[in-house]
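Novice: Output the structure for:
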Amino acid sequence: MPLAVVGVILLGSAELGAQSASKIEIPNKLGLGLSLYNQTQPYEIASLEVQIPGVDPAMLEDLDVDNDTSSYHFRIDYWLLPFLNIFGLYGQIDGSTEVDLQGIDIGLPIGLNNLTIDYDGTVYGAGAVLAVGGAHWFADVAYDYTETDLDVATSSVKASIVTPKVGYHFSGGAVWVGAMYQDTQERHEGTFEMPYLGPIPFKVELNDREPWNYLIGGTASLGGPWVLILQGGFGTRDAALVTLEYRMF
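Specialist: Next up is the predicted model:
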């Protein structure tokens with residue numbers, strides 16, 4: 001998830017820094033950005049502890065799990081060197097994870113409710129970008145690590161993300177293609193209600209079913225220091241990112 005975050009951070013100014021790298025100069029080193037992000041993806045169950053009468057635990061190993069995560073966050077970044085950018089982020093996350101239990105036969109004339117976990121809270125993290133470039137091309141790879149402080153004390157989401165991409169820059173903007181590797185560790189503990197059975201305690205650990213997806217994006221100058229960044233993710237994980245950035249110094 002991304003979340004996770006999301007989540008998932010694109011430094012839209014990376015192509016600007018890559019362009020400057022060939023000239024050994026970096027205009028507008030400091031950037032401030034506000035991002036909106038959403039992603040949907042399937043999870044796989046790393047472990048699930050739940051005591052349901054009449055259910056063999058082995059039946060729970062290959063359940064379908066779907067996650068939907070949205071976030072908005074503030075980011076600050078700075079070009080330390082012509083090829084090195086560092087950044088930090090802080091914002092809010094809202095997510096929902098659903099484990100499909102309806103297809104499990106418990107030997108009774110009732111079915112199981114799906115296990116749905118809704119959560120929200122604070123997301124924060126940091127990372128870095130390495131970039132190279134030429135007259136009209138650039139390549140960069142970003143790494144970021146994020147954690148969450150959720151409203152449920154027994155829940156946590158952590159993610160490590162690597163984002164390589166290559167692109168073409170021109171006067172007033174750039175376009176790129178790339179990929180994202182996302183390693184999410186989502187953990188939840190609590191109870192869920194079952195018909196006739198009452199509250200059932202559970203503990204679940206989840207990972208990305210497919211860590212890689214594809215990216216396509218672009219950036220455009222809005223005049224002066226303002227930059228608009230758009231990016232989409234495709235594959236097993238679908239995602240959309242919109243960032244408004246202000247660059248200075």
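Novice: So residue 186 lies in a strand, does it not?
Specialist: Yes - assessed with DSSP: H, G, I helix; E, B strand; the rest coil, residue 186 lies in a strand.
Novice: That one: neighbouring residues, count only.
Specialist: Number of residues near residue 186 (other CB atoms under 10 Å) recorded here: 28. Every residue, glycine included, has its C-beta placed from N, CA and C.
Novice: so what's residue 96 up against?
Specialist: Neighbour list for residue 96: 67, 68, 69, 116, 117, 118, 119 [criterion: CB atoms under 8 Å, 6 or more residues apart in numbering].
Novice: just checking, next helix/strand downstream of the strand or helix carrying residue 207?
Specialist: For residue 207, the element it lies in under DSSP states H and E is strand 198-208. Downstream of strand 198-208, the first helix or strand assigned by DSSP H and E is strand 212-223.
Novice: in that next one, what counts as buried?
Specialist: Going by neighbour count (16 or more other CB atoms under 10 Å), the buried part of strand 212-223 is 213, 215, 217, 218, 219.
Novice: Could you do stretch 197-208 as well?
Specialist: Residues of stretch 197-208 classed as buried: 200, 202, 204, 205, 206, 208 (neighbour count, 16+ other CB under 10 Å).
Novice: Dig out what residue 71 forms beta bridges with.
Specialist: In this structure, residue 71 bridges to residue 37, residue 93 when assessed by DSSP bridges.
Novice: ok so, going back, between the contacts of residue 96, which has the most around it?
Specialist: Neighbour counts for these peak at residue 69, which has 29 neighbours (criterion: other CB under 10 Å).
Novice: you'd agree that one is up against residue 38?
Specialist: Yes - if you go by CB atoms under 8 Å, residue 69 and residue 38 touch, sitting 7.0 Å apart.
Novice: Could you export the contacts of residue 96 as TSV, including distance to residue 89, secondary structure and pLDDT?
Specialist: Converted to TSV, the contacts of residue 96 look like this (distance: CB to CB, whole Å; DSSP: H, G, I helix; E, B strand; the rest coil; pLDDT from 0 to 100):
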residue	distance to residue 89	secondary structure	pLDDT
67	20	strand	96
68	20	strand	97
69	15	strand	96
116	28	strand	89
117	24	strand	89
118	23	strand	92
119	19	strand	93
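Novice: which one of the buried residues of stretch 197-208 is nearest residue 99?
Specialist: Minimum distance to residue 99 across the buried residues of stretch 197-208 is 6.9 Å, recorded for residue 204 (CB to CB).
Novice: Quick check: that closest one touching residue 185?
Specialist: No - the pair residue 204 and residue 185 does not pass the contact test of CB under 8 Å, sitting 11.7 Å apart.
Novice: residues in contact with residue 65?
Specialist: Residues counted as contacts of residue 65 (CB under 8 Å, 6+ apart) are 42, 43, 44, 45, 97, 98, 99, 100, 206, 209.
Novice: which residues sit in contact with residue 119?
Specialist: Taking CB under 8 Å, 6+ apart, we find residue 119 in contact with 94, 95, 96, 97, 150, 151, 152, 155, 157, 188.
Novice: Name all residues that make contact with the closest residue to it other than its chain neighbours.
Specialist: Among residues not flanking residue 119 along the chain, residue 150 sits closest, at 4.9 Å (CB to CB, 6 or more residues apart in numbering). Each residue near residue 150 by CB under 8 Å, 6+ apart is listed here: 93, 119, 120, 121, 122, 156, 157.
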